[in-house]
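Chemist: What would the 3D arrangement of this be:
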Amino acid sequence: MPAMTAHRILVVDDEPDLVEVLCAALRYEGHQALGAATGVQAVRLARDWAPDAVVLDMMLPDLDGMAVLERIHAERPEVRVLFLTAKDALEDRIGALAAGGDDYVTKPFSLEEVVVRVRGLLRRAAPPAAPPPGALVLGDLVLVEAAREVSRAGTPIELSPTEFALLQYLMRHPRQVLSKAQLLDAVWSYDFGGQAHVVELYISYLRKKVDAGRAPMIHTVRGAGYLLRAAV
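Modeler: Reported below is the predicted structural model:
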């Protein structure tokens, strides 16, 4: 699928046929792509052409890939780098990442894999989109009331209508301890009495969706209620 946004990608390898097919695949994605056969040429193009990402072979005829990366990052530290390496030893992979590389693929590889890895690098490098006007925002949690959409760190979260209403109320009262009675009245319009388990159940549902695998935002204040605050 062609890319939504065109980026400049520099492909560095001393195999001309490989450079040609990689550049063709990246152009099909909608990117601009240039090739370089040596480390010196790559450093010069990175300086003059200002690529957004570099697909960089570890083994070049003049400089090794880590030396090229160091020179590129000295002038353009924001450039994302995907290493191509014929070495699959753990120490080589760790070395590539420790040197400042963002990702790597080992030869032989498929064109699709390289394209997907480059797409991931560019997506992570892109600044997060600004939330729409009127959205409720707390840390990396965004709730768009009009569209009834929720996301955290840019990842959409699917909520049931009741889960949405509960999170919406919590986000309208950030950093406030809200009792079960308050939540029952606001979300379910229940008088408090024997319904505490409903709040507990839906708080657990929200935690599984909002906090799962992330720093927690929904906190229990023993004997008082629940608190929503930005993750630390």
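
Chemist: Figure out the length between the terminal residues of stretch 54-69.
Modeler: Stretch 54-69 has an end-to-end distance of 9 Å (criterion: Cα to Cα, to the nearest Å).

Chemist: what's the average pLDDT for it?
Modeler: If you average the pLDDT over stretch 54-69, you get 92.

Chemist: Domain parsing of this structure, as residue ranges.
Modeler: For the chain, the structural domains run 8-125, 135-228, going by the TED database.

Chemist: so where does the residue nearest the centre of the chain fall, helix or strand?
Modeler: Nearest to the geometric centre of the chain sits R124, at 4.4 Å (Cα atoms, centre = their mean). Under DSSP states H and E, the secondary-structure element containing R124 is helix 111-125.

Chemist: If you count neighbours, what's buried in the next helix or strand after that helix?
Modeler: Going down the chain from helix 111-125, the next helix or strand is strand 136-138, by DSSP H and E. Neighbour counts over strand 136-138 (16 or more other Cβ atoms under 10 Å) mark L136, L138 as buried. (C-beta placed from N, C-alpha, C; glycine too.)

Chemist: Likewise for stretch 147-156?
Modeler: Buried residues in stretch 147-156, counting neighbours by 16+ other Cβ under 10 Å, are found at E149, V150, S151, R152.

Chemist: hey, where'd the strands end up in this protein?
Modeler: Ranges of strands in the chain, per DSSP state E, are 8-12, 32-36, 53-57, 80-85, 103-106, 136-138, 141-144, 149-152, 155-157, 218-221, 225-228.

Chemist: Mind checking those for the one nearest to I94?
Modeler: Among those, the nearest to I94 by Cβ to Cβ is strand 103-106 (10.0 Å).

Chemist: returning to what we had before: ranking the strands of the chain by mean pLDDT, which is last?
Modeler: Among the strands of the chain, strand 103-106 scores lowest, with a mean of 87.

Chemist: So which of the domains of the chain is the most surrounded?
Modeler: Compared across the domains of the chain, domain 8-125 shows the largest average neighbour count, a mean of 18 (mean count of other Cβ atoms under 10 Å).

Chemist: Apart from its chain neighbours, what residue comes closest to L97?
Modeler: Distances taken as Cβ to Cβ, 6 or more residues apart in numbering place Y104 nearest to L97, at 7.1 Å, with adjacent residues excluded.

Chemist: partners of the one you found in the sheet?
Modeler: Y104 has these beta-bridge partners by DSSP bridges: F83.

Chemist: P16 and L22, how far apart?
Modeler: Distance from P16 to L22, counting by Cβ to Cβ, to the nearest Å: 11 Å.

Chemist: Common neighbours of these two, please.
Modeler: G35 (Cβ atoms under 8 Å, 6 or more residues apart in numbering).

Chemist: Turn the strands of the chain into a markdown table, columns for distance to L45.
Modeler: As requested, the strands of the chain are exported to a markdown table (distance: least, Cβ to Cβ, whole Å):
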| stretch | distance to L45 |
| --- | --- |
| strand 8-12 | 6 |
| strand 32-36 | 5 |
| strand 53-57 | 9 |
| strand 80-85 | 14 |
| strand 103-106 | 20 |
| strand 136-138 | 40 |
| strand 141-144 | 38 |
| strand 149-152 | 37 |
| strand 155-157 | 35 |
| strand 218-221 | 49 |
| strand 225-228 | 49 |
